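[1] coords please:
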Amino acid sequence: MLRKIKHSIKQAFHFSNRESNSLLAIIIFMLLAVMAPKVVQLYYIHKPLDHRADIALLEKQLALLQANSNSFVPLDINSATAEPLLAIEGMTQPLALRILRYRDKLGGFVSVDQYKEVYGLSNHLRVKLIQHTTIRKGYQPKKVSLNQTTRKNLASHPYISYSMAQAIIDYRKRKGKFTTFRAIQTLPGYHPDWGKKIMPYLSL
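    Residues are numbered from 1 along each chain as shown. Okay, the predicted model is just below:
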C-alpha cells in the first residue's frame, strides 16, 4: 500500500525517489499525530480501571488514623490550661475555667473523684473529663501548713471550713505547734472522712 502511495506521489509531483520518501514520511507522521490521541483515548476508555493503588493509599491512611488513636495521650489535669479542655466534647469555656479555679483552690487534684466537687459538671461530662485527663503518678499538691498558715488562708481551702480553721489556730495557741498529723483528730468537728480528704494537702 505504501508503495502505491509513493508511486502516486512520484507521478503527480514528478519527485525523485528521495523526495517521494520524504513526503511520504511527513504524511505518515501527520496521520500518527492526528490518530494517536484518539487511540490513547479509546485504550483508556475500554481498559478496566485499576484501583489497587487507590486502595493501598486508603489502607495506609486508615492505618495511620488507627495508630494515632492508639497513641492517645490523656491531658495532665494539674498542668492543663483551658484551651485543651475545650477540645473535650460538651465542654464550655465557663466550665473549663471553673474546673481550673477549683483545682487551684485545692492546690491540685489528687483523685479524679474530686471532679464530682466541681459545681455544674454533669455526670456525662465528668465521665468525658475522666477519659481525657490524668493525674501524674506521684503528684504532690500544694500544701497547707498546720503551723504557719493564717486563719484566712486556711479557710480559703475548699476542705477547711471557717470553724475548722479557727480550731487549728486555737490548738496552736493552746499547745504550740503541731508535731504530728494525728493531732488533727483532736480538733472539734473532726471526722475520719474529712481527715482522709484533707491529709494530702497538709504539711506541718
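[2] the closest residue to Gln114 other than its chain neighbours: neighbour count?
    Spatial nearest neighbour of Gln114, excluding adjacent residues (C-beta to C-beta, 6 or more residues apart in numbering): Leu106 at 7.0 Å. The C-beta positions use only the backbone N, C-alpha and C, and glycine is treated the same way. Here the number of neighbours of Leu106 (other C-beta atoms under 10 Å) works out to 20.
[3] over to Gly107?
    18.
[4] just give the closest residue to it, not the sequence neighbours.
    Lys142 (3.2 Å).
[5] now that neighbour, what's its secondary structure?
    coil (DSSP: H, G, I helix; E, B strand; the rest coil).
[6] go ahead and confirm it touches Tyr201.
    Yes: using C-beta atoms under 8 Å, Lys142 makes contact with Tyr201 at a distance of 7.3 Å.
[7] neighbour count winner among these two?
    When neighbours are counted by other C-beta under 10 Å, Lys142 and Tyr201 differ, and Tyr201 comes out ahead with 19 against 13.
[8] touching, the more buried one and Gly107? I think so.
    Yes: look at Tyr201 against Gly107 with C-beta under 8 Å: they come within range, at 5.4 Å.
[9] which residues are common contacts for these two?
    Common neighbours of Tyr201 and Gly107, using C-beta atoms under 8 Å, 6 or more residues apart in numbering, are Pro141, Lys142, Lys143, Val144, His157.
[10] tell me the one among those residues nearest to Ser163.
    Ranked by distance to Ser163 (C-beta to C-beta), the shared contacts of Tyr201 and Gly107 are led by His157 at 13.3 Å.
[11] SS state for the closest one?
    coil.
[12] what about it, distance to Pro84?
    26 Å (C-beta to C-beta, to the nearest Å).
[13] between these two, which is the more surrounded one?
    His157 (19 against 14).
[14] pretty sure the more buried one sits against Leu106.
    Yes: the pair His157 / Leu106 is scored as a contact, 7.3 Å apart, by C-beta under 8 Å.
[15] now for these two: what residues contact both?
    Tyr201.
[16] thinking again about what came up before, against Lys60, how distant is the residue nearest to Gln114?
    For Leu106, the distance to Lys60 - C-beta to C-beta - is 46 Å.
[17] hang on, the earlier thing: for the residue nearest to Gly107, phi and psi?
    phi -70, psi 130 (degrees, to the nearest 10).
[18] that concludes my questions; thank you for your assistance.
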